[in-house]
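K.L.:
A structural model of the following input is requested.
(one chain, ligands or ions: 1)
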Amino acid sequence: MSDPYYITTAIHYPNGRPHIGHAYEMIAADAIARFQRQAGRDVRFQTGTDEHGLKMVKTARDRGVEVRALADEMSGYFHEMAAKLNISCDRFIRTVEPDHYAASQTIWRAMADAGDLYLDRYEGWYSVRDEAFYEEKELTLAEHGSKLSPQGTPVEWTAEETWFFRLSKYQQPLLDLYASQPDFIRPESRRNEILRFVEGGLSDLSVSRTSFDWGVPVPDSPGHVMYVWVDALTNYITGAGYPDDTAMFSKYWPANLHLIGKDIVRFHTVYWPAFLMSAKLPLPRQVFGHGHVLARDGTKMSKSAGNVVEPMALAELYGVDPLRYFLLREVSFGSDGSFSDEAIVTRSNADLSNSFGNLAQRTLAFIAKNLGGQLEVGRGEAADATLTAEVDAATREFVAQFEDLTLSQAIEAWMRGVFACNAYIDTQAPWALRKTDPERMHAVLGTLVDAIRRLAIAILPVIPTSAAAVLDQLGVEDRDHAALLADWDPTAARLTPPSPVFPRLELAAE
Ligand code: ME8
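P.N.:
Numbering: from 1, shown residues only. Model prediction:
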C-alpha cells in the first residue's frame, strides 16, 4: 500500500471522565480513518490523553489523590470508551510515555538551536481550565466583576520566571502559510477568526513553568517543566516516530488532518505551525475545527451545570452504531449540534431500521424463505438500470462529500440511494411477481441485492458493525471503494437468512 494518510484527534485531558463531545470527535475521526482505508490508503490514526499541566495538578489536589493516579484512572476510561465505540486507532498515546518525553525534549532543543527560546519573567493572565495565557484586551468582565477568558473561563494573575518562545517572529510566516495553503484551516469561519487574530500581532509565548513539576522537564534547565501545550501538540509527531524512527516519520509526517474542536484552533494553527517552523519540520496539511455537541437543554455541557451527557451510557442504551450514525448525520460537520434522546431514537428508527434495515431484511428474508437463498438469472428491464444508476450516483456522492469532510451531507446522499430502492420495491412489487412472472422477480431481487451491497459498503465507515453484518449476509468480501464500482453477480452469491441488524429503538425512561 502506498499513499499514507495520517489523521489525529486532539488528545483529551483526563481530569474527568469522557463526555459525549470527546466521543463525537473520536467517532468522526474514526469514520474518516475507515473511509480512507477503504479508499486504499495506508492510514495511521492516533488519539489519546493529554496528562500534564496545572489543570491535572489542581484536580488531583481537589480529589486528594496523586496526579499520576488520577491520570492513570481517567485515561483508562478514555481508552475503554475508544474500544467500546469501535475506534480503530493505531495508537492511543499517553503523554506520560517515555517516547513522548524524548520527542518533546528533541523539538525543544531544535527550537532552542534556532534561537527562538529565551528566559524572562512572565506576568499575565492564565486560565487553568483552558491551560491558556490571555492578553488583557481579550478578557471580559463577569457580572460579579471578575475577569473571564474569551472561552468564558476564570483567569488568574500569574508571575514567574519562564522560558519564552519567539512567536512574534512567526507572524509573517504564518500569514504567508494561510495565504499559500487556503485549506490549512477549516472551516472558513475558523480560518477568518485566526487570520484576524494573527493580523492583530503576536506576543512571545511563555513556554515553561516553575511553580509545579508535573510536566516534561525542560532540557538543561532545572526547575522548569514545559508548558503543557508544548508537549501536548508534540504528541502528533511522537506518534509518527519522531525523532528516532526516521522511516516511519518520513512516511506519515506531515499529518494529513488534525481533527480538533473549535475551542483549540488557535493552538493548532498558530502555536503548532510556529513551533514546527522553528524546529524546521514540515507542517500538517490541514486542521479542521469541528463544532461542539451541546447538552440536552441546548446549552454548553459542564460539570457545574450537571448536564454532561455520558457516551458510555448512551452506547449501552441505544447501541454504538445508532449513536455513531446519529452524531455524524445530525451534526453538520463544523457546526454545533444538540443532543437529545428523542432525536437519536427518531433518526435511527427512520433511517436505519425503517429504511435501510427494512430494505435489507425484507429482501433477504424473502429470498431465503421462498428461493432457498439462491437467485437465478432473470429478465432485466429499463427500471433496473435506472435504480442501479441512482444508487451509483448516491454512493459516488457519498464518497465525494466524505472526502471533502462534509459528513452529514454524505450520509444524506446515501439515504437518497436507500429511498430510491424503497420506491423501486413499491413499483416493482417483487413479492407479487413470484406467481405471475418469476423470471422478472429474479431480476428485480438481483438488482436490489446488488444495490444493498453497494449501499452497505459505502456506509461502513459510519456504522461499521451493522453494515458489515449486512455484507456478511450477502457473502460479500470485497469491501473497499473499488468494489463499489465493480460488477457483482447476485446469482453467484450465497445469501443467508438474515437476522435483524437494525432493531427499532425505544425511548429510554428517565
Ligand atoms: O483541549 N463537543 O482537551 P479537552 C465536541 N487537551 N467536542 C468537544 C466538546 C463538545 N461538547 N467538548 C470538548 C484539550 N470537545 C487539550 C487538547 S491537543 C494537542 C490538546 C473537544 O479534553 C475539544 O474541542 O478539553 C477538543 O478537541 C477535545 O474534545 C479534547 O478536549
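
K.L.:
For the residue in the chain that the ligand sits nearest to, which residues are in contact?
P.N.:
Per C-beta to the nearest ligand atom, Gly261 is where the chain lies closest to the ligand, at 1.6 Å. For every residue, glycine as well, the C-beta is placed using N, CA and C. Contact partners of Gly261, counting by C-beta atoms under 8 Å, 6 or more residues apart in numbering, are Ala10, Gly21, Glu25, Gly289, His290, Gly291, His292.

K.L.:
Please flag which of the residues you listed sit within strands.
P.N.:
With DSSP state E as the criterion, strands contain Ala10, Gly289, His290 from among those.

K.L.:
near the ligand, from these?
P.N.:
Ala10 (C-beta under 6 Å from any ligand atom).

K.L.:
right, and out of the ones in strands among the contacts of Gly261, which lies closest to Thr234?
P.N.:
Nearest to Thr234 among those: Ala10, at 13.3 Å, using C-beta to C-beta.

K.L.:
who touches whichever strand or helix holds Ile107?
P.N.:
Using DSSP states H and E, Ile107 sits in helix 98-113. With contact meaning C-beta under 8 Å, 6+ apart, helix 98-113 is reached by 93-94, 117, 165, 216-219, 226, 230-231, 234-235, 237-238, 242-244, 275, 278-281.

K.L.:
from these, which would you call buried?
P.N.:
Those of these that meet the buried threshold are 93-94, 117, 165, 216-218, 226, 230-231, 234-235, 237-238, 242-243, 275, 278-279, 281, by 16 or more other C-beta atoms under 10 Å.

K.L.:
could you pick out which of the residues you listed are near the ligand?
P.N.:
Among the buried ones among the contacts of helix 98-113, the residues lying close to the ligand (C-beta under 6 Å from any ligand atom) are Asn235.

K.L.:
give me phi/psi at Tyr6?
P.N.:
For Tyr6, the backbone dihedrals (degrees, to the nearest 10) come out as phi -110, psi 120.

K.L.:
beta partners for it?
P.N.:
Beta-bridge partners recorded for Tyr6 (DSSP bridges): Arg44.

K.L.:
quick one on the thing from earlier: what's the spacing between the helix holding Ile107 and its chain's center?
P.N.:
Computed by C-alpha atoms, centre = their mean, to the nearest Å, the chain-centroid distance of helix 98-113 equals 27 Å.

K.L.:
Ok, stretch 313-323 next?
P.N.:
17 Å.

K.L.:
Tell me the residues of the stretch 201-350 of the chain that contact the ligand?
P.N.:
Applying C-beta under 6 Å from any ligand atom, we find that the stretch 201-350 of the chain lies next to the ligand at Ala232, Leu233, Asn235, Ile260, Gly261, Asp263, Ile264, His292, Val293, Met301.

K.L.:
ok, how many other residues are close to Ala382?
P.N.:
Using other C-beta atoms under 10 Å, Ala382 is surrounded by 7 other residues.

K.L.:
Against Thr388, how distant is it?
P.N.:
Distance, Ala382 to Thr388, by C-beta to C-beta, to the nearest Å: 11 Å.

K.L.:
At which residues are the helices of the stretch 1-150 of the chain located?
P.N.:
Along the stretch 1-150 of the chain, the segments classed as helices by DSSP state H, counting those that start in this stretch run 20-38, 54-63, 67-84, 98-113.

K.L.:
any idea which of these is most buried?
P.N.:
Of all those, helix 20-38 has the most neighbours on average by mean count of other C-beta atoms under 10 Å, namely a mean of 24.

K.L.:
could you give the angle of that one to helix 67-84?
P.N.:
Helix 20-38 and helix 67-84 meet at an angle of 50 degrees, taking axes from the mean of the first three to the mean of the last three C-alpha atoms, to 10 degrees as the criterion.

K.L.:
and helix 20-38 with the ligand, contact?
P.N.:
Yes - Helix 20-38 reaches the ligand (C-beta under 6 Å from any ligand atom) through Gly21, His22, Tyr24, Glu25.

K.L.:
so the third one sits right up against Val293, yeah?
P.N.:
Translated: Tyr24. Yes - between Tyr24 and Val293 a contact is recorded at 5.0 Å, counting by C-beta atoms under 8 Å.

K.L.:
Need the residues touching each of these two.
P.N.:
Common contact partners of Tyr24 and Val293 (C-beta under 8 Å, 6+ apart): Leu327, Val331.
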